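1. Sequence first, then the predicted structure:
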Amino acid sequence: MSTQTANVTAHESMFEAVLARLDVAAKLMNMSDDVATILRSPIKQVKVSLPVMMDNGKIQVFEGYRVVHSTVLGPSKGGIRYAMDVNQDEVMALAAWMSFKCAVANLPYGGAKGGIKCDPRAMSVGELERLSRAYAMSMKDVFGVNKDIPAPDMGTSGREMAWILDEFNKVTGEDSPGVITGKPIVIGGSLGRDAATGRGVMVNTLAALKKMGLNPKEVTAAVQGFGNVGSHAARLLSEQGIKIVAIGDHTATFYNEKGIDVAAALDYAAKNGRVLKGFTGGTVIGSNDILTCKCDVLVPAALQNVISEEIAHNIQAKLIVEGANGPTMPEADAVLNDKKIIVVPDILANSGGVTVSYFEWVQNKAGYYWSENEVNTKHDEKMEIAFSSVWDNASNFKTSMRIAAYITALQKIEQGVQLKGNY
Ligand code: NAD
């Protein structure tokens, strides 16, 4: 792998960081400047103010966002995030990543993302329901089963999707389960969706280990984050014989060189407010130490921008599989490349979630539902194809897996733009 990396620094915006990596890929593949110009601006940006009655009887106004980056390859698709650091720039970056992710995974979608600036852990269930319904109401002209299809992301789950679906259907007078994915099974969700992003991380890890000539049964892994992505990734990797030596969430981080009992950790979190604090299956370590601990595979599956240039210098893993969106700062890319650490980038590594969201949408449209085995088999097949096309592009263009993933996506989007034409 060569060291072509994006020339951006940490203080620039997340969207600028996406564009910088896009520029590197566009130059390498000789993409048309016109297509690059189109992709530099999201096609729609909506910002709303959401007044919600809080449990203390006072109104609080929340900021809500939805950005549609591209619809070249189909209706836009992307999650909704509830977090305090949600802002326009972050949502723009995440929306662009969705355009590239859907293209890498060969899905007939463009990219979008939404978010509400809030602290879901500090809100009651009633407050969260009112906020989710207010958001759905405000997005009634943006969302649509053939237009823009949201899903869960950080801080949201099937519960929020159910409220948003119900409100959208009430407001529009439609009964359209496919307008949102990641729903609970009983109201049109897909079997396998909950674990899908973690499953994609597992399939990508196995594919990379195979290329590296490593036997999963002789490999150790550390997984940062124990929410939807991290907990399923840790479980599925351990089921493949990979020894999980470190896990952690926002409350605590643990290391155990003999291997953490992931089933026991899952059980502990399920009984203790979905957090790991108090778990006794490993030694407590600092939250950042999980990134640099002794392991073969590192799976950042929590936050963005956790792998800085400095941390990259200290990483011991040979392989990084990005479960989270944007965990690696652009300036860390060069360090990781120089250290010959293979990075399976977010737009490939965590595309299992949107892949099964696509299956959910297909099942909703057909009104016919598949078995979990069928979903998983189709998912694994799509992931393996996506991994191979990125791996081959990395080799053909002599570049990193990250830039190769952008190239894989841009090749399809460029073709789409040229076939559809412009004004
Ligand atoms: P989640 O809310 O279910 O879980 C987030 C986890 O991160 C929690 O365990 C939380 O405790 C942990 N965390 C938060 N702050 C932390 C810190 N400072 N140190 C260590 N851990 C910390 O979210 P999720 O759905 O698992 O999403 C995680 C990442 O994966 C996000 O970047 C998201 O965009 C990305 N992603 C999610 C999906 C999906 O299907 N859910 C799909 C693709 C990408």
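-> Here it is on my side, so go on.

2. who in the stretch 201-350 of the chain is up against the ligand?
-> 224-230, 248-250, 287, 301-304, 323-325, 350 (CB under 6 Å from any ligand atom). Yep, even glycine has a C-beta here, placed from its N, CA and C like the rest.

3. so Pro184 touches Gly158, yeah?
-> Yes: look at Pro184 against Gly158 with CB atoms under 8 Å: they come within range, at 4.3 Å.

4. who has more neighbours, those two?
-> Higher neighbour count among Pro184 and Gly158: Gly158, with 19 against 15, using other CB atoms under 10 Å.

5. who does Pro51 bridge with?
-> Taking DSSP bridges as the rule, Pro51 bridges to Val61.

6. any idea how far it is from Arg130?
-> 10 Å (CB to CB, to the nearest Å).

7. Compare those two (neighbour count), which wins?
-> Legend: neighbour count by other CB under 10 Å for Pro51 and Arg130, higher for Arg130 (19 against 11).

8. Let me see the ranges of the strands in the chain.
-> 44-53, 59-70, 76-83, 110-117, 148-152, 220-224, 243-248, 253-255, 283-284, 297-300, 319-321, 342-344 (DSSP state E).

9. can you list those in a markdown table and add mean pLDDT?
-> A markdown table is the format used below for the strands of the chain (pLDDT from 0 to 100):
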| stretch | mean pLDDT |
| --- | --- |
| strand 44-53 | 98 |
| strand 59-70 | 98 |
| strand 76-83 | 98 |
| strand 110-117 | 98 |
| strand 148-152 | 97 |
| strand 220-224 | 98 |
| strand 243-248 | 98 |
| strand 253-255 | 98 |
| strand 283-284 | 98 |
| strand 297-300 | 98 |
| strand 319-321 | 98 |
| strand 342-344 | 98 |
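
10. Pipe the ones you listed into JSON lines and attach distance to Phe168 per row.
-> Shown next, in JSON lines, are these (distance: least, CB to CB, whole Å):
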{"stretch": "strand 44-53", "distance to Phe168": "14"}
{"stretch": "strand 59-70", "distance to Phe168": "13"}
{"stretch": "strand 76-83", "distance to Phe168": "12"}
{"stretch": "strand 110-117", "distance to Phe168": "13"}
{"stretch": "strand 148-152", "distance to Phe168": "9"}
{"stretch": "strand 220-224", "distance to Phe168": "34"}
{"stretch": "strand 243-248", "distance to Phe168": "36"}
{"stretch": "strand 253-255", "distance to Phe168": "39"}
{"stretch": "strand 283-284", "distance to Phe168": "44"}
{"stretch": "strand 297-300", "distance to Phe168": "33"}
{"stretch": "strand 319-321", "distance to Phe168": "34"}
{"stretch": "strand 342-344", "distance to Phe168": "35"}
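
11. out of those, deepest packed?
-> strand 297-300 (a mean of 30; mean count of other CB atoms under 10 Å).

12. what residues go with each domain of the protein?
-> 45-187, 196-349 (automatic domain parsing).

13. Compile these into a markdown table and extend it with columns for distance to Val390.
-> Listed next are the domains of the chain as a markdown table, based on distance: least, CB to CB, whole Å:
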| stretch | distance to Val390 |
| --- | --- |
| domain 45-187 | 7 |
| domain 196-349 | 5 |
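
14. Give me the neighbour count for Phe100.
-> 30.

15. who touches it in this structure?
-> Listed by CB atoms under 8 Å, 6 or more residues apart in numbering, the contact set of Phe100 reads Gly111, Ile347, Ala405, Tyr406, Ala409, Leu410, Ile413.

16. so where is the protein shaky, pLDDT-wise?
-> For the chain, the stretches flagged by pLDDT under 70 are 1-12.

17. just to revisit the earlier point, from the contacts of Phe100, which ones fall inside helices?
-> If you go by DSSP state H, the contacts of Phe100 have Ile347, Ala405, Tyr406, Ala409, Leu410, Ile413 in helices.

18. Mind putting those residues into TSV with neighbour count?
-> Listed next are the ones in helices among the contacts of Phe100 as TSV, based on neighbours: other CB atoms under 10 Å:
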residue	neighbour count
Ile347	31
Ala405	32
Tyr406	30
Ala409	28
Leu410	25
Ile413	22
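
19. ok, now how distant is the residue lying closest to Ile38 once chain neighbours are set aside from the ligand?
-> Spatial nearest neighbour of Ile38, excluding adjacent residues (CB to CB, 6 or more residues apart in numbering): Val417 at 6.2 Å. Separation of Val417 from the ligand (CB to the nearest ligand atom, to the nearest Å): 25 Å.

20. so Val417 makes contact with Val72?
-> Yes: look at Val417 against Val72 with CB under 8 Å: they come within range, at 5.5 Å.

21. Got phi/psi on the residue of the chain found nearest the ligand?
-> Residue of the chain nearest the ligand, by CB to the nearest ligand atom: Gly227 (1.8 Å). Note on Gly227: backbone dihedrals following degrees, to the nearest 10 are phi -90, psi -140.

22. For Leu73, which non-adjacent residue is spatially closest?
-> Nearest to Leu73 is Gly416, by CB to CB, 6+ apart, at 5.1 Å.

23. ok, now how distant is the residue of the chain most remote from its centre from Asn288?
-> Distance from the C-alpha centroid of the chain peaks at Gly57, with 35.8 Å (CA atoms, centre = their mean). For Gly57, the distance to Asn288 equals 41 Å [CB to CB].

24. got the contact list for Ile285?
-> Per CB under 8 Å, 6+ apart, neighbours of Ile285: Ala246, Gly248, Thr253, Phe254, Tyr255, Cys293.

25. mind giving me CSV with those residues and columns for distance to Met401?
-> Formatted as CSV, the contacts of Ile285 follow (distance: CB to CB, whole Å):
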residue, distance to Met401
Ala246, 23
Gly248, 25
Thr253, 27
Phe254, 29
Tyr255, 27
Cys293, 22
